[in-house]
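Asks: requesting a structural model of the entry that follows:
(chains A and B)
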Amino acid sequence: MSRASIKSHFTNWREWELNPIVIKELRQAVRSWAVTGMLLLFLTVLFITSLIFLVGQSFEVSENIQLGGSMFSAFVVILAGASIFFIPLYVGVRVAAERQENNPDLLYVSSLSPFRIVLGKFLCGAYMAVLFFSACMPFMAFTNLLRGVDLPTVFLVLALLFLVVCAANMVAIFLACLPMSRPFKYLFVIYGIFQSFGIISTLIGTSFLMMRSGVGAMMTGKDFWIGVATGVGVGAALTGLLFVLTVALVSPPSANRALPVRIYLTASWLAGGLLGFSWVAQTGDASRMLAWTYPTFGVMMFALLATVSNADQLSQRVRRTIPHARWKRALAFVFYNGAAGGLIWVAGILVATFLITDEVVTAFPKSYATTAANEHWFATTTAYAFAYALSALIIHRRFLSRRPPKLAGLLTVLLAGAWAIVPSIGLFFLNQLSWKSVEGLQLGNVFNVAFLRDDGQLLYHLYFAFSWLLVMLVINAGWFMRQVRIFQPPVPVPVENAPPAPK
Amino acid sequence: MKVQVKNLRKEFGKTVAVDDITFSFDSGHVFGFVGPNGAGKTTTMRIIATIEEPTQGDILLNGISVCEEPELARRAVGYVPDTLPAHADITVHEYLDFYARAYGLRGKKRTQAIEAIEEFTNVTGIREKHLKALSKGMKQRVSLGRALVYDPDVLILDEPAAGLDPRARVELRELLMLLAERKKAILISSHILTELTEICNGVVIIERGKILETGTIDDVLKKSAPRRTVAIRLLEGNHHQNPQLLKELLQTPFVVNARDVANEIHFELTGDESAACDILGGLIAKRYKIIEFRQTKANLEDIFMNVTKGGV
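Replies: Presented below is the predicted three-dimensional model:
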């Protein structure tokens, strides 16, 4: 976007219009019996609950000075139940219905960008949450008059609950956009409902804790705000990741789907690293750095699976955006679609993470109980993961090249799974399967690294994993170099043969 | 606007839905896309509309590839599926308004565009009705309105006449002719071939994913049915002359397969129109009381039956 277009965008603020998806979805929600019915039911339950509390109090001899707090707790439970179950379910079902393959999905043939489509769906969920929260607000304000709960607590609990609902909406949209069959989506819905119970109970537990302590009293402390900011930050980062992933899922296959995801993850990784380091610097406790190291490792393992599922051939539209300058092209190779560049990206982030963690631990040694076994564990697991991924790539290229590239990701999982299960099955049939045998050395089995009885044997795993990885690197070297060579912008078409410029 | 379908192939697992097809059509053309069920028509249309991705080949809309630049190509294509997607809880007006917004129409321009389209597709009277409450014909109108609201240059209509009553079909035909006059490039699939003959300039006949015939209607007719049938009817009360007339015709050049069909004499003419003129002149000179002498050209239905085998 040029500077002039940004300027004209702001100067023409009178012509700003809401995202069309938000308008459509809200119009549909207003007419929907599901939303209207749920809202009426929600209000009725709130009203009856208030009546029960007030009538119950009138029979008490002594005045309950905590009545406001008790009522507020009940309202939080009702609001959390209604908004965490209903709104994400409603939003997710609508998106899934529009993504159905047998229903010509005309929403996605409009000229709306995938970003605006996903943002529209997300905002619609947020607006609906605001609707439910607004309906609840008079009842909650009333609890403040009855004493037992302070206003800061009310606002903070509601704000946190609102953020959780928004995050749950994003999860629902992401799941609805996954390219899966309907039965799998139903399974996810069932899993999501069970998971919601956990979220609701945690949330309610936290809000009860806040009410008991009183947020007003805690607000003066720095630690309170650091805790809140960390929680909100982590939640926002995860929601953002799901948003970026959903945009990638909705984008056409010829788009540069990997670019925004890899940029987002790299930026989050950097921000997380800086925060982790500042935490370590403040407390002097190097173990705080692991709050960044472990999640990075977990996320990068998923990223590795997604990366090997990338196609080797870049679409024409992606090739057109490859920079001509060598160093810019090298950077683009790492961030653009493609398995080869993706492997470099994952490896780069993991190696940097381990090195930074190691440096921090060395610089702040006072409370970090590091062992060689920890470092070996990280190195071995990473080497195994890459060895599986590279083996899967070879199998796909040699034997399944006509099948979709996502099969390589599946093969990676299957290789790891098969290597873990097959020895146990063999031992079972030989009547040798025991916990002792599971804890024994099983070279090639990545899960065995975590269960080894003898830490000394970890070195055997380390050598084996790196040897395997080395062999795979040598075998894949030709393919990798080819990918680097062909990562070039397209040769310009002579002017006389060029297709007419689009209107 | 030129639409070029180039070596298009689409596989669904092991099934080849579309097998290396190539054809093109232009602005102001109404192209019929015919074939038996499962021939690959809808798949091709969905690829043009950027809903599906081809396994191989490409479609260019004035040089813009639907595979490489789907977002850009989408702006040029209006797609009318065989059924209107079942969007719940939305009125006709709101539905059209959403698409107008989605295609970037703003303020007064949007209001005017929607009103014009509602009038053009004759849905003004039902604009506040829910989509789900509409009849099939009304849904087709709304679907066409949706495709037209942003004034695309290419229209892809998948079985738009299916399930419509005769009046609605006539109205749809008139609408399509108007759109062709407005220089839209139109690709229409239909099983009602007699109607297609009346409105189409060109035709693509497809079966089992492969093109059997393509070109202008006249070219295809000439190529696939070079002979035309002529029917002669004598004045009422002169039918006793039919056997004699039959005998006469069998000895006439350019006449083959003469036969008596329900008091009419039918024969196939192998010559051109001047040959037909000579035959008529000769018969009148021989004092046959001819009340009707008509040529019946083969229509799309005949060609379709000739070239397709009915395989899926």
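Asks: what's the local residue count around the residue lying closest to residue A:112 once chain neighbours are set aside?
Replies: Excluding the flanking residues, the one nearest residue A:112 by Cβ to Cβ, 6 or more residues apart in numbering or on different chains is residue B:102, at 5.0 Å. Quick note: C-beta positions are derived from backbone N, CA and C, even for glycine. Neighbour count of residue B:102, defined by other Cβ atoms under 10 Å in any protein chain shown: 24.
Asks: show the model's pLDDT score for residue B:102.
Replies: pLDDT recorded at residue B:102 is 88.
Asks: so who does it touch?
Replies: A:20, A:21, A:110, A:111, A:112 (Cβ atoms under 8 Å, 6 or more residues apart in numbering or on different chains).
Asks: chain center to stretch A:311-329: distance?
Replies: 27 Å (Cα atoms, centre = their mean, to the nearest Å).
Asks: likewise for stretch B:91-111?
Replies: 29 Å.
Asks: check stretch A:427-436 too.
Replies: 39 Å.
Asks: distance between the ends of it?
Replies: 11 Å (Cα to Cα, to the nearest Å).
Asks: list the buried residues for that stretch?
Replies: residue A:427 (16 or more other Cβ atoms under 10 Å in any protein chain shown).
Asks: so how far is residue A:418 from residue B:7?
Replies: In this view, residue B:7 and residue A:418 are 40 Å apart by Cβ to Cβ, to the nearest Å.
Asks: same check on residue A:226?
Replies: From residue A:226 to residue A:418 the distance is 45 Å (Cβ to Cβ).
Asks: one step back: now, of the contacts of residue B:102, which are buried?
Replies: For these, buried by 16+ other Cβ under 10 Å: A:20, A:21, A:110, A:111, A:112.
Asks: surely the first one is in contact with residue B:101?
Replies: Yes. Taking contacts as Cβ atoms under 8 Å, residue A:20 lies within contact range of residue B:101: 3.6 Å.
Asks: give me the pLDDT value at residue A:497.
Replies: 48.
Asks: for residue A:106, same thing?
Replies: 56.
Asks: just send the contacts of residue B:102 back as a markdown table, with pLDDT too.
Replies: Below are the contacts of residue B:102 laid out as a markdown table (pLDDT from 0 to 100):
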| residue | pLDDT |
| --- | --- |
| A:20 | 90 |
| A:21 | 90 |
| A:110 | 72 |
| A:111 | 76 |
| A:112 | 83 |
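Asks: before we move on, which element is residue B:204 in?
Replies: Assigned by DSSP states H and E, residue B:204 belongs to strand B:202-207.
Asks: which is the next helix or strand following that strand?
Replies: Following strand B:202-207 in sequence, per DSSP H and E, is strand B:210-216.
Asks: residues making contact with that following strand?
Replies: So strand B:210-216 is in contact with B:19-23, B:201-206, B:220, B:223-224, B:303, B:307-308, going by Cβ under 8 Å, 6+ apart.
Asks: redo that, cut-off 10 Å
Replies: Strand B:210-216 is contacted from outside by B:5, B:8, B:16, B:18-25, B:29, B:31, B:33-35, B:39-40, B:44, B:200-207, B:219-224, B:303-304, B:306-309, using Cβ atoms under 10 Å, 6 or more residues apart in numbering or on different chains.
Asks: rewinding a little: need the max-distance pair from the buried ones among the contacts of residue B:102.
Replies: Taking Cβ to Cβ as the measure, these span a maximum distance of 12.6 Å, between A:21 and A:111.
Asks: how close does residue B:193 get to residue A:286?
Replies: Residue B:193 is 79 Å from residue A:286, by Cβ to Cβ.
Asks: could you list the low-pLDDT ranges of the chain?
Replies: This is for chain A. A:1-2, A:14-15, A:64, A:101-109, A:366-373, A:492-503 (pLDDT under 70).
Asks: try chain B instead
Replies: In chain B, residues with pLDDT under 70: B:86, B:224-227, B:297-298, B:309-312.
Asks: show me where it has helices.
Replies: Under the criterion DSSP state H, helices of chain B are mapped to B:41-48, B:70-74, B:92-102, B:107-120, B:136-148, B:166-181, B:193-199, B:217-224, B:242-250, B:273-285, B:300-307.
Asks: what about the second one and chain A, touching?
Replies: By that I understand helix B:70-74. Yes. For helix B:70-74 and chain A, the contact criterion (Cβ under 10 Å from any Cβ of the partner chain) is met by B:70, B:71, B:72, B:73, B:74.
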